[in-house]
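S.K.: coordinates for the following, if possible.
(chains A and B)
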Amino acid sequence: MIRTPLRPLARILKAREKGEDTDAIEAENLRLRHEAVRDRSRLRAEGRLLVLGGMFVLAFGTIGMRMGALAGTAPEEPQSAATGSPIIGQRADITDRNGRILATNLETHSLYAHPRDMVDPARAARELAVIFPELEEEDLVKDFTGSRKFVWVRRQLSPEQMQAVHDIGSPGLLFGPREMRLYPNGAIAAHILGGASYGREGVASAEVIGVAGVERKFDEYLRDPSQENKPLELSIDLTIQAATEEVLSGGMSIMNAKGAASVLMDLHTGEIIAMASLPDFDPNNRPQVLLTGDQSDSPLFNRAVQGVYELGSTFKIFAVAQAMELGLINQDTMIDTQGPLKWGRFKIRDFHDYGAQLSATDVIVKSSNVGTARIAMQIGGERQQSFLRSLGFMEATPVELQEAPSGAPLLPRQWSEISTMTISYGHGLSSSPLHLATGYASLLNGGTRVTPTLLKRDTAQYGPRVVSESISTRARDMLRAVVVRGTASFGEVAGYEVGGKTGTADKPEENGGGYYDDKVIATFASVFPANDPKYVLIVTLDEPSENSGDKPRRTAGWTAVPVAAEMIRRVAPLLGLRPQVDTSEPIGVTLTSN
Amino acid sequence: MRSFLFVLAGLAVMGLAFWSYQENYKTRDALSEVRNLHAQIGRNHERLGMLRAEWAYLNRPDRLSDLAELNFDRLGLLPIMPDAFGRVDQIIYPLPDVLPIIVPIEVDSAPVNLDEDAL
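M.R.: Predicted coordinates:
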């Protein structure tokens, strides 16, 4: 670039000749030069701004495009980051304590229709009605020819049915994958498992949700993918549950009962090894809930947990044990059993007249209402309530079933003196067989409270102390005496030292008028082996009658006890209990010592 | 010297491009293999679940007891009862092994010479 001088000689000389100011020329040139510099620098600044703006547009444009792309595409897991096994999005299995499957999943297909795509809707409807007899042809025709674009036909298909639908060849009939909950053992443990059904349904999948029992209670756990398909282990033993149900159903039909329930509980851990309620149902095909009438007549009703009954004389051991714990009596104290015991307009009678006096042990052995009521009077209502509360009889059982809260015990509105007396022999307080099992387990395991559970547990529970260890031993001896020489003589099972208490309670009339004469709840609460208690077994029969004699016999000693004895005979070897055999004295050997 | 460096840099760029191209394809192969394996694991898992369900169904207590009844003549299976337990003293002690021969007695079938050993 040629720089223009500020004072060009030619112009200066010319200006001097004319006598003009030369400084003006310099100023003029300086101005021009400044203007040129300014123009150049403005141009450069403008160019820089343009580039900067372009850069900004590019950067924000890139970010915007990327955001748009991310928002517009379906989410996708980063493939290279996938470590370990892929998430298994299935509902977890339920197994018994030995890992045998109680509930699992099966892949099936659902069938749906797009009527718009159908070539011959009438023919498709006709053929479908042949494959699925429960579908009505007219309904299908109406659905397929109407304005609907989408119709569910079936939720589950067997492979044979699927093939048959394929063979129809209609382009409007489509299949979707579908998971199905399967209970391979059928009705065994039906009330514990409950059942499952579909929640939100889509064409590609449907969520399986629990509707009752542990399926409902542990729904979140079972559906949680982070559990990685770890099965839910129950405390139930499948073999023992099956044997229990078999014996119970046989006993129910022999004793002409309309319902039955049993609970087998490990009295140290509180685990429920088997729990049955009859009549039962198949959870694969769960029946409808009754809309009218008595819910307790439905097979869905779990008598062992939801059924609250007055359990009769089985409660007597609680009164006697508490009186011994309080030091009011011991096992040999003579109790006045002269009947009838009058209180106001009530009279308390015994089944037979047992004379003027019985020892406390014999009150249990012979099952004297009068004797127990007198013991309860010594204890008093307050202390009786707190003792029964400590055994869990005042609230619903905390067992892990959805239905458990509905099995809350029925307590007297006012715990009057007569309530204290009647409750001591099991009338006036209704509780479930599971309550009774928990109470017996707490009393007989050495005297510490247990909480019933359906989950597998390895260690014994040591809850708060209910009675002292020696009282627990004495109560157990009394129960053993009931079987050896009392009302439960049919309960003897060679080798297993069964101890227990019978209870026969008249059923209250539905309209609250009083009690039926010919309808009873017969209960046998037992513990075995009595010299080292391990298990508690409760058997309850609803309206049994044993008709082999001249008159029908309804007492628990004739009905519930033989069933329980047979159950122990079947179940104890399965529990791994070896029969205790009296080792006879060696023949011809005399022990001597110097 | 300078042009040599340029050529070297150009070659290095080409080498790296070739290497990254190969790595890219190897990674894609590995990813697709992982995908296949996952799909296979999923299928096997499904199949395993099906087999376990079938096993449980075939071993359901009702069926087993029916089968035991059907085959009673051949197998004679009964529900386990208390008398199935034996006692230790019902089992005989294991018979002691025959003791090793420490002082062997020579049994010789050779004819005895009566003349030498005359009493």
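S.K.: can I take it that A:Y198 is in a strand?
M.R.: Yes: assessed with DSSP: H, G, I helix; E, B strand; the rest coil, A:Y198 lies in a strand.
S.K.: that one and A:V208 touch, don't they?
M.R.: Yes: the pair A:Y198 / A:V208 is scored as a contact, 6.4 Å apart, by CB atoms under 8 Å. Bear in mind the C-beta positions are built from the backbone N, C-alpha and C, glycine included.
S.K.: compare neighbour counts for those two and give me the winner.
M.R.: Per other CB atoms under 10 Å in any protein chain shown, whichever of A:Y198 and A:V208 has more neighbours is A:V208, with 20 against 17.
S.K.: element containing that one?
M.R.: Using DSSP states H and E, A:V208 maps to strand A:206-212.
S.K.: can you list the buried residues in that strand?
M.R.: A:206, A:208-212 (16 or more other CB atoms under 10 Å in any protein chain shown).
S.K.: which of these sits closest to A:D458?
M.R.: Nearest to A:D458 out of the buried residues of strand A:206-212 is A:G210 (CB to CB; 25.6 Å).
S.K.: so what's the closest one closest to, chain neighbours aside?
M.R.: A:R216 (4.0 Å; CB to CB, 6 or more residues apart in numbering or on different chains).
S.K.: measure the one you found to chain B for me?
M.R.: Using CB to the nearest CB, to the nearest Å, we find A:R216 at a distance of 21 Å from chain B.
S.K.: what do you get for A:D143?
M.R.: Per CB to the nearest CB, A:D143 is found 32 Å from chain B.
S.K.: could you report the pLDDT at the residue nearest to A:G210?
M.R.: You'll see A:R216 listed with a pLDDT of 91.
S.K.: now do the stretch of helix or strand it belongs to: everything it contacts.
M.R.: Using DSSP H and E, A:R216 sits within helix A:213-217. The contact list for helix A:213-217 (CB atoms under 8 Å, 6 or more residues apart in numbering or on different chains) reads A:94, A:103, A:181, A:191-196, A:209-210, A:222, A:232, A:234, A:400-403, A:454.
S.K.: count the residues that sit near the closest residue to chain B within the stretch 301-450 of chain A.
M.R.: Per CB to the nearest CB, A:A304 is where the stretch 301-450 of chain A lies closest to chain B, at 19.1 Å. Residues near A:A304, counting by other CB under 10 Å, number 29.
S.K.: give me the most central residue, chain B.
M.R.: By CA atoms, centre = their mean, chain B has its centre lying nearest to B:L48, at 18.2 Å.
S.K.: pretty sure the residue of the stretch 301-450 of chain A closest to chain B contacts A:A261?
M.R.: Yes: using CB under 8 Å, A:A304 makes contact with A:A261 at a distance of 4.2 Å.
S.K.: lowest-confidence one in the buried residues of strand A:206-212?
M.R.: When the buried residues of strand A:206-212 are sorted by pLDDT, the bottom entry is A:A206 at 80.
S.K.: contacting residues for the closest residue to it other than its chain neighbours?
M.R.: Excluding its sequence neighbours, the residue lying closest to A:A206 (CB to CB, 6+ apart) is A:Y198, at 4.8 Å. Taking CB under 8 Å, 6+ apart, we find A:Y198 in contact with A:155, A:206-209.
S.K.: and the gap between A:Y198 and B:L48?
M.R.: As judged by CB to CB, to the nearest Å, A:Y198 and B:L48 stand 24 Å apart.
S.K.: what's around B:I80, how many residues?
M.R.: Neighbour count for B:I80, taken as other CB under 10 Å: 15.
S.K.: in a strand, it, correct?
M.R.: No: using three-state DSSP, the assignment for B:I80 is coil, not a strand.
S.K.: what sits against it?
M.R.: Going by CB under 8 Å, 6+ apart, the list of residues near B:I80 reads A:573-574.
S.K.: and it, how close does it get to A:I240?
M.R.: Taking CB to CB as the measure, B:I80 falls 11 Å from A:I240.
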